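Engineer: show me how the following folds:
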Amino acid sequence: MKRIAIVSPSGKFYGSEQVLFDFLSTAQHKYDVYVPEGDFYKKIKEQEIHIPHLFSSVKKLYVYLAMKLLSGKLDGIYINEGGHIKFLNLLASLFPNNSFYVHIRLLEDCSAARLGKMRKNISYISISDYITQEVKQNTGIQCYTMYDIYKPSSGVAGINEFRIESDTVRLGIVGRVTTTKGLYDISRFCNYCENNPTKLHLEFNFFGGIDNHIPEVKDFVAKVETYKNINCKFHGFVNDKKQIYQSIDVLLHFNRVEALGRIVMEALDFGIPFFSFKAGGIGELAQQVGVIDYMIPYETGWETSFCQQINKLVEQPKRFVNDYQKAKERMKMICSPQIYTQKLEKIFYE
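Structural biologist: Numbers count the residues shown, from 1 in each chain. Sure, this is the predicted structure:
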């Protein structure tokens, strides 16, 4: 049996680490997992199934892994994100008879400059067809496409219970407030809503850290404080997903280059409808779960279209909630931990 080591470039417990943790929870094989200091290490240690190893120096880690490959104690290495690709490329060139695997999760990891020369003993895995096509277009490399795991929460209310308690619609925007997460279009939409008030009062709730060191972010936060017709609340990073989704009625997402969109999986799980652009990984996921018709084309007047969808949801919720409930059930199949684990371990071992 091949011996595969797993490397997580991040020690935090965000989206990609949650996916890896769910994989480890359902895996049929036992793994040595190399991870930096942080919450993720503690989670794996508490699991008491796999063996976590801390590392503080990336270079020392890959020297250590090279020694294990050289001694025959290790047959392959899987990296959960693309940030360590240059080290993986180096090992793949030094050990052409060993197997290496890298998961491409971000658009910035799809470039030829990042991925480098294609190695025959590296398997490239992507989280959406959107990312697969970007990699192929930029490098000629063909990826395996595997949608991320989403492990449903227990005891979560269904979308069929959707209702607006007052004339205030609580809109949620989940993720860092930064230029790479759709800030330009978020700002455009907030300005539009401020200048075109409706009978509904719109409350924007931001959940995520604020990159105040970026001038555009700082200017945006300062500007929304001057608004009279809409209200914007910045909650910072909130770890409790239940707390987030109990605080909003609708999720909005404005990043057109999102690789997949775990955020919309969370929204469906917690019974919250979402609206986004027909673009990137979120548009692809919306297509897969059957709510693509509710997504917004990125064209002139898209701000009006977003507002129209919100108004329709409030005024005639039955059609929306039925379709989003069906989408939730489809998501459970598409993003099944068991299916994901079987596919990934098949790549490792067969």
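Engineer: so who does the residue nearest to the spatial centre of the chain touch?
Structural biologist: Residue closest to the average C-alpha location in the chain (Cα atoms, centre = their mean): residue 262, at 3.9 Å. Residue 262 makes contact with 15, 18, 19, 148, 150, according to Cβ atoms under 8 Å, 6 or more residues apart in numbering. From N, CA and C alone the C-beta is placed, and that goes for glycine too.
Engineer: what's the spacing between the first one and residue 71?
Structural biologist: Read that as residue 15. In this view, residue 15 and residue 71 are 35 Å apart by Cβ to Cβ, to the nearest Å.
Engineer: now residue 66: phi and psi?
Structural biologist: phi -60, psi -40 (degrees, to the nearest 10).
Engineer: just residue 277 next, same as before
Structural biologist: Torsion angles, degrees, to the nearest 10, at residue 277: phi -80, psi 160.
Engineer: re the thing from before, which one's more surrounded, residue 15 and residue 71?
Structural biologist: residue 15 (20 against 8; other Cβ atoms under 10 Å).
Engineer: ok, now which ones touch that one?
Structural biologist: Going by Cβ under 8 Å, 6+ apart, residue 15 touches 148, 262.
Engineer: quick one: list the elements packing against the helix or strand hosting residue 325.
Structural biologist: Element membership for residue 325, per DSSP states H and E: helix 317-334. Using 3 or more Cβ pairs under 8 Å, 6 or more residues apart in numbering; DSSP states H and E, the elements in contact with helix 317-334 are helix 262-269, helix 280-289.
Engineer: how about these in CSV, adding mean pLDDT and distance to residue 6?
Structural biologist: Converted to CSV, these look like this (pLDDT from 0 to 100; distance: least, Cβ to Cβ, whole Å):
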stretch, mean pLDDT, distance to residue 6
helix 262-269, 91, 19
helix 280-289, 95, 23
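Engineer: turn the ones you listed into TSV, including distance to residue 125.
Structural biologist: Formatted as TSV, these follow (distance: least, Cβ to Cβ, whole Å):
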stretch	distance to residue 125
helix 262-269	16
helix 280-289	14
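Engineer: show me the one of these that comes nearest residue 117.
Structural biologist: helix 280-289 (26.3 Å; Cβ to Cβ).
Engineer: report all helices and strands that the closest one contacts.
Structural biologist: Contacting helix 280-289 under the criterion 3+ Cβ pairs under 8 Å, 6+ apart are the following elements: helix 129-139, helix 262-269, helix 317-334.
Engineer: would you map the helices across the protein?
Structural biologist: Here the chain has its helices, by DSSP state H, at 15-26, 39-47, 58-71, 85-94, 112-115, 129-139, 183-195, 215-224, 241-246, 262-269, 280-289, 302-315, 317-334, 337-349.
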